[in-house]
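**Q** let's see this in three dimensions:
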Amino acid sequence: MVEISVPLMVLIVVTVYIIATLVIGYYGYKRTKLTPVDYFLGGRELGTFVLAMTFIATYASMWTFMGAVGANYRIGISFHQCMITWNTLWPLMLLVMGTRMWILGKKYGYLTPSDMFSDYYDSKAIGVIASIIGLIALVPYMAIQLMGAGLAFEAATGGAIPYWAGSLYVVIAIGIYTFIGGLRAVAWTDVLQGIFFLGFLWAIMIPWVFSLSGGPAAVAAANPSIFQAGRYAYGQWLGFVLTWGLSPLLPHMLQRCFMAKSPKVILKSAALLFILSAWIQSVSVALTGSLGTVIIPGLKGVAADQFIVMFMAKYSPIMGAVIVAGALAAGMSTLDSQLLSSSSLLTRDLYVKYVRPKASELEEARIGQIFVLVITALMWVLSLYSLAPLVVLGTAGAAICVAGYFFPAIGCLFWPRPGKIAALGGLLAGGAAALATFWTMPFGFHNAVWGFVVGGIVFLALAFVTPPPSPEKQRKFHGLFSKAIYGIE
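**A** Numbering: from 1, shown residues only. Reported below is the predicted structural model:
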């Protein structure tokens with residue numbers, strides 16, 4: 001009987017998994033027309049289950065599967081309290097904002113957040129800046145997914161498959177199915193990947209870590225600090241809650257509101273996401289990380305982010321192949337959406353508006369495909385140069401976008417008074433403040449907090465001393481909400 005080595009087993013299992021995603025990508029390609037709406041938004045036809053699964057798979061990334069497990073390992077219940085707060089908040093924000101975004105996207109044909117902002121405020125500058133901020137936010141977030149893929153391969157195979165080769169293998173697969181299949185390929189693979197990694201956590205990791213650790217009581221006796229509240233600094237706690245609680249404002253999340261078949265689909269999806277995100281995801285990640293402190297003690301920094309892979313390598317090398325596939329499912333289901341979103345920002349907001357205003361729908365879709373390949377290659381190169389803790393890197397980058405987008409979104413969706421100058425001031429000040437504090441924490445506060453504080457002051461000050469949008473523009477947006485939501489003409 002031929003004995004299969006662990007590295008070969010990892011490669012076989014992951015290859016089978018990647019082939020499954022490529023088959024789904026090909027099926028998406030056969031169903032996709034080369035138009036911007038079809039390629040980037042799936043024809044605005046997603047139903048409740050697919051929309052909810054693409055939301056949770058896009059949201060729960062390598063950050064969740066490795067970085068958040070690592071944070072729970074290092075910090076314990078204090079981090080879980082923070083995590084369950086934002087995982088409850090973001091479906092609520094989707095409920096509040098999502099239907100309004102859908103109404104605007106459907107009525108006026110928006111593909112990107114910048115489309116919406118620039119139209120409402122009659123400002124090309126807001127559109128361009130929003131696109132740039134969106135790309136700045138997505139760059140480190142995308143790099144995380146490839147970093148996690150490389151780490152997973154390297155740890156599970158004992159270095160036989162090096163970091164760079166593992167991340168390259170994954171990025172090639174993602175680039176192929178995203179390039180050919182667009183959003184349909186991304187959404188359908190998200191369903192597979194979301195079920196796979198959530199199922200893995202609950203069906204395999206939770207029973208196993210309970211058995212080996214002896215459960216919460218045994219862990220509390222061996223490591224009392226893991227269940228001690230207040231270990232997570234308030235300034236950091238608040239920044240994480242603001243960033244991930246308002247994550248529907250991130251470009252790849254916001255665009256999913258344009259993809260739904262109807263506003264009722266968004267409402268039903270938000271209700272389903274309360275369960276998927278706040279409980280199924282949060283609890284499984286928290287238990288895996290916290291209980292793992294007595295199974296493999298003493299991990300520090302980036303090493304804690306690799307706990308699941310190291311766990312499998314120690315207790316079941318063959319099962320380690322499955323965990324690598326699970327980690328890849330978490331990362332791939334986020335990276336493909338971010339690739340498509342980044343491509344749409346470059347294509348619609350920059351190329352079409354400023355380089356080729358008369359581009360046909362076919363040309364716009366083709367350019368979008370080219371940008372997918374370019375960004376894919378760029379992300380792999382960038383992923384080779386940073387191994388910072390995944391949680392810090394991902395949240396800091398996302399905070400720049402959320403802190404910037406929040407203020408123009410408030411004007412578009414809820415409050416008619418702020419005009420172009422106020423929105424631009426809030427966008428620039430919020431994004432710049434979050435960017436300026438990217439790697440620092442002045443007075444102990446996360447960069448998201450500084451973005452919201454500085455952006456909010458500028459936005460509110462300008463809202464009351466500068467002109468509001470024209471009455472026609474207010475009727476076009478807020479009048480549409482009054483009619484569609486409240487039945488008021």
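**Q** I'd say residue 257 and residue 250 touch.
**A** No: counting by CB atoms under 8 Å, residue 257 stays clear of residue 250, with 11.4 Å between them. C-betas here are computed from N, CA, C, even on glycine.
**Q** compare neighbour counts for these two and give me the winner.
**A** residue 250 (28 against 25; other CB atoms under 10 Å).
**Q** ok now do that one, which residues does it touch?
**A** 134, 137, 138, 398, 401, 402, 405 (CB atoms under 8 Å, 6 or more residues apart in numbering).
**Q** neighbours of the residue nearest to residue 231 when sequence neighbours are not counted, how many?
**A** The shortest distance from residue 231 to any non-neighbouring residue, by CB to CB, 6 or more residues apart in numbering, is to residue 78 (4.1 Å). Close neighbours of residue 78, defined as other CB under 10 Å, add up to 20.
**Q** name the element residue 78 belongs to?
**A** Per DSSP states H and E: residue 78 is located in helix 77-108.
**Q** what's that helix packed up against?
**A** helix 69-75, helix 113-120, helix 234-245, helix 251-259, helix 263-275, helix 282-291, helix 390-413, helix 480-486 (3 or more CB pairs under 8 Å, 6 or more residues apart in numbering; DSSP states H and E).
**Q** which of these sits closest to residue 337?
**A** helix 251-259 (4.4 Å; CB to CB).
**Q** got the angle for the closest one vs helix 263-275?
**A** 140 degrees (axes from the mean of the first three to the mean of the last three CA atoms, to 10 degrees).
**Q** residue nearest the centroid of the protein?
**A** For the chain, the residue nearest the mean C-alpha position is residue 59 (4.0 Å; CA atoms, centre = their mean).
**Q** just checking, that residue touches residue 90?
**A** Yes: the pair residue 59 and residue 90 passes the contact test of CB under 8 Å, sitting 7.2 Å apart.
**Q** shared neighbours, the two?
**A** Joint contacts of residue 59 and residue 90 (CB under 8 Å, 6+ apart) are 247, 277.
**Q** ok, then the element right after the longest helix along the chain?
**A** Using DSSP state H, we find that the single longest helix of the chain is helix 163-200. For helix 163-200, the following helix or strand on the C-terminal side (DSSP H and E) is helix 206-213.
**Q** buried ones in that next one?
**A** 206, 208, 209, 210, 212, 213 (16 or more other CB atoms under 10 Å).
**Q** same check on stretch 286-297?
**A** Buried-residue list, stretch 286-297, by 16+ other CB under 10 Å: 286, 287, 288, 289, 290, 291, 292, 293, 294, 295, 296.
**Q** distance check, the third one against residue 324.
**A** If I follow you right, that is residue 288. Using CB to CB, to the nearest Å, we find residue 288 at a distance of 16 Å from residue 324.
**Q** do residue 233 as well
**A** Counting by CB to CB, the gap from residue 233 to residue 324 is 33 Å.
**Q** quick one, which of these two is more surrounded?
**A** Comparing residue 233 with residue 324 by neighbour count (other CB under 10 Å), the higher total belongs to residue 324, at 30 against 15.
**Q** ok but residue 138 is inside a helix, no?
**A** Yes: Residue 138 forms part of a helix when assessed by DSSP: H, G, I helix; E, B strand; the rest coil.
**Q** quick check, pLDDT for it.
**A** Looking at residue 138, its pLDDT is 80.
**Q** touching, it and residue 341? I think so.
**A** Yes: with contact defined as CB under 8 Å, residue 138 reaches residue 341; the gap is 6.8 Å.
**Q** so what sits against both of the two?
**A** Common neighbours of residue 138 and residue 341 (CB under 8 Å, 6+ apart) are 251, 252.
**Q** more neighbours, these two?
**A** Per other CB under 10 Å, whichever of residue 138 and residue 341 has more neighbours is residue 341, with 29 against 26.
**Q** residue 160 in helix, strand or coil?
**A** Assignment for residue 160 (three-state DSSP): coil.
**Q** run a quick neighbour tally on it.
**A** 15.
**Q** could I get the phi/psi values of it?
**A** Dihedral pair for residue 160: phi -60, psi -40, per degrees, to the nearest 10.
**Q** is it true that it touches residue 7?
**A** Yes: in terms of CB under 8 Å, residue 160 counts as a neighbour of residue 7; the distance is 3.8 Å.
**Q** what sits against the residue nearest to residue 21 when sequence neighbours are not counted?
**A** Ranked by CB to CB, 6+ apart and with sequence neighbours excluded, the top spatial neighbour of residue 21 is residue 189, at 4.8 Å. Residues in contact with residue 189, defined by CB under 8 Å, 6+ apart, are 21, 24, 25, 28, 177, 332, 333, 336.
**Q** just residue 76 next, same as before
**A** Taking CB under 8 Å, 6+ apart, we find residue 76 in contact with 225, 226, 227, 228, 231, 289, 290, 293.
**Q** now distance to residue 384, pLDDT and secondary structure too, for these, in CSV please.
**A** Shown next, in CSV, are the contacts of residue 76 (distance: CB to CB, whole Å; pLDDT from 0 to 100; DSSP: H, G, I helix; E, B strand; the rest coil):
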residue, distance to residue 384, pLDDT, secondary structure
225, 35, 83, helix
226, 34, 84, helix
227, 38, 83, helix
228, 38, 81, coil
231, 33, 81, coil
289, 27, 89, helix
290, 32, 89, helix
293, 30, 87, coil
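**Q** now for those residues, which pair is the farthest apart?
**A** Maximum distance among those (CB to CB): 14.8 Å, for 228 and 289.
**Q** what about residue 376, how many neighbours?
**A** 23.
**Q** please apply the same query to residue 47.
**A** 13.
**Q** over to residue 377?
**A** 12.
**Q** which residues are in contact with the lowest-mean-pLDDT helix or strand in the chain?
**A** Using mean pLDDT, DSSP states H and E, the weakest-scoring helix or strand in the chain turns out to be helix 62, at a mean of 70. Here helix 62 makes contact (CB under 8 Å, 6+ apart) with 144, 145, 147, 148, 149, 327, 330, 331, 334, 390.
**Q** you'd agree the second one is up against residue 333?
**A** No: contact between residue 145 and residue 333 fails when scored by CB under 8 Å: they sit 9.0 Å apart.
**Q** shared neighbours of those two, which are they?
**A** What both residue 145 and residue 333 touch, as defined by CB under 8 Å, 6+ apart, is the set residue 61.
**Q** for residue 469, helix, strand, or coil?
**A** Applying three-state DSSP: residue 469 is coil.
**Q** contacting residues for it?
**A** Residue 469 neighbours (CB under 8 Å, 6+ apart): 120, 121, 122, 411, 416, 419, 420, 477.
**Q** okay, now residue 470: neighbour count?
**A** So residue 470, with other CB under 10 Å, has 11 neighbours.
**Q** pLDDT below threshold where in the stretch 351-489 of the chain?
**A** 386-396, 484-489 (pLDDT under 70).
**Q** which parts of it are helices?
**A** 361-383, 390-413, 420-436, 447-463, 471-474, 480-486 (DSSP state H, counting those that start in this stretch).
**Q** including distance to residue 304, could these go into CSV?
**A** Listed next are the helices of the stretch 351-489 of the chain as CSV, based on distance: least, CB to CB, whole Å:
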stretch, distance to residue 304
helix 361-383, 19
helix 390-413, 10
helix 420-436, 26
helix 447-463, 22
helix 471-474, 50
helix 480-486, 45
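**Q** please identify the most buried of those helices.
**A** helix 390-413 (a mean of 26; mean count of other CB atoms under 10 Å).
**Q** got the angle for that one vs helix 420-436?
**A** Using the same axes, to 10 degrees: helix 390-413 against helix 420-436 is 180 degrees.
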